[in-house]
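> Need a 3D model of the sequence below.
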Amino acid sequence: MDSYRPKRAEAESQFKATIAHGYLTLSLVPHLWDQIAEFRNVKMMINYGIEKFKFNQAVTVNSEVRLRAKLHSIANLRGITKFEVDVTLEIKDNPKPAFNGLLVFLYHFNS
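Numbers count the residues shown, from 1 in each chain. This next block holds a predicted model:
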């Protein structure tokens, strides 16, 4: 069964390979974000929201991806820090990114 899907995708898919679901690629962001930004004394981080988000290109299985992130805004909400981050997930050797958008994180820090 496992070898059937890649062969079928190669024959029938416009991508000629199996692809990772868009929301699976989105789920990589917290892990990749932790590799970009270091925060200390974090009690809890919450994925708070997604704004202006668009899936642009399918990511084929075994592709290499890279997250580009740029701080859009930061605000103190009564002791909770709200980060808005512009993100783009790039695919190696593909000029079109997998997705881009604005992600919102809430950080609760230890006192």
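> what's the longest strand in the protein?
Ranked by residue count, the top strand of the chain under DSSP state E comes out as strand 94-109.
> do you know how far the closest residue to R5 other than its chain neighbours is from H72?
Leaving out its chain neighbours, the residue that sits closest to R5 by C-beta to C-beta, 6 or more residues apart in numbering is T18, at 5.8 Å. In short, each C-beta sits where N, CA and C put it, glycine included. To H72, T18 is 33 Å away according to C-beta to C-beta, to the nearest Å.
> Which strand residues bridge T88?
Beta-bridge pairing of T88 under DSSP bridges involves R68, N100.
> on that earlier part again, would you agree the residue nearest to R5 is in contact with V61?
Yes. Using C-beta atoms under 8 Å, T18 is in contact with V61, at 4.7 Å.
> Neighbour count for these two, which is higher?
Taking neighbours as other C-beta atoms under 10 Å, T18 and V61 compare with T18 leading, 16 against 12.
> Please name the residues that touch the more buried one.
R5, P6, A9, T60, V61 (C-beta atoms under 8 Å, 6 or more residues apart in numbering).
> Could you do K16 as well?
A9, E10.
> same thing with the one 10 residues further on?
The contact partners of L26, taken as C-beta under 8 Å, 6+ apart, are I50, F99.
> Sweet, I'm off.
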